[in-house]
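In: curious how this folds, go ahead:
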Amino acid sequence: QAQLVESGGGLVQAGGSLRLSCAASGRTFSSYAMGWFRQAPGKEREFVAGVNWSGARTAYGDSVKGRFTISRDNAKNTVYLQMNSLKPEDTAVYYCAGKLILSSSWPRLNPNEYEYWGQGTQVTVSS
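Out: Predicted coordinates for the structure are as follows:
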């Protein structure tokens, strides 16, 4: 069973950048598809970005395409979310999620398909 711990959130001005990290426990991290989701107050959880087990396949939500980049380092059991050109509407709690699966059909956009979740990290973008 994987445990996920996010870090790197904080307060940043619009136009700035942040890099989120998600560290996973266990020896099977390289077999996990990973995703980043976010949830703002009063809104549903939203898919931000995902990466398959090898890093070869990625997917992004429409609102972050061209600004955010997901990557992973299987040797460090860590997945990253580089966020550039941040906007006030990016303000949310960001969650890391994982699914033990070796499939070319991942990453998936539906949060209900992920097995493991971190506790979340707050990102606040001021205007």
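
In: which residues does Tyr60 bridge with?
Out: With beta bridges defined as DSSP bridges, Tyr60 has these partners: Ala49.

In: one more: Trp36?
Out: When bridges are taken as DSSP bridges, the partners of Trp36 come out as Ala49, Cys96.

In: I'd guessed it sits against Tyr95; true?
Out: Yes: in this structure, Trp36 is within contact of Tyr95 by C-beta atoms under 8 Å, at 7.1 Å. Any C-beta I mention is one placed from the backbone N, CA and C, and that applies to glycine too.

In: for Glu113, list the residues it contacts.
Out: Listed by C-beta atoms under 8 Å, 6 or more residues apart in numbering, the contact set of Glu113 reads Lys99.

In: so how far is Gly42 from the closest residue to Tyr32 other than its chain neighbours?
Out: Spatial nearest neighbour of Tyr32, chain neighbours left out: Gly98 (4.4 Å); criterion: C-beta to C-beta, 6 or more residues apart in numbering. Taking C-beta to C-beta, to the nearest Å as the measure, Gly98 and Gly42 are separated by 26 Å.

In: looking at those two, which one has more neighbours?
Out: In this comparison of Gly98 against Gly42, neighbours counted by other C-beta atoms under 10 Å, the higher total goes to Gly98 at 25 against 5.

In: about what we covered before: which one's more surrounded, Trp36 and Tyr95?
Out: Residue environment comparison for Trp36 versus Tyr95 gives the larger neighbour count to Trp36, 28 against 23, counting by other C-beta under 10 Å.

In: what residues are up against the more buried one?
Out: Under the criterion of C-beta under 8 Å, 6+ apart, the contact partners of Trp36 comprise Leu20, Cys22, Val48, Ala49, Gly50, Ile70, Val79, Leu81, Tyr94, Tyr95, Cys96, Ala97.
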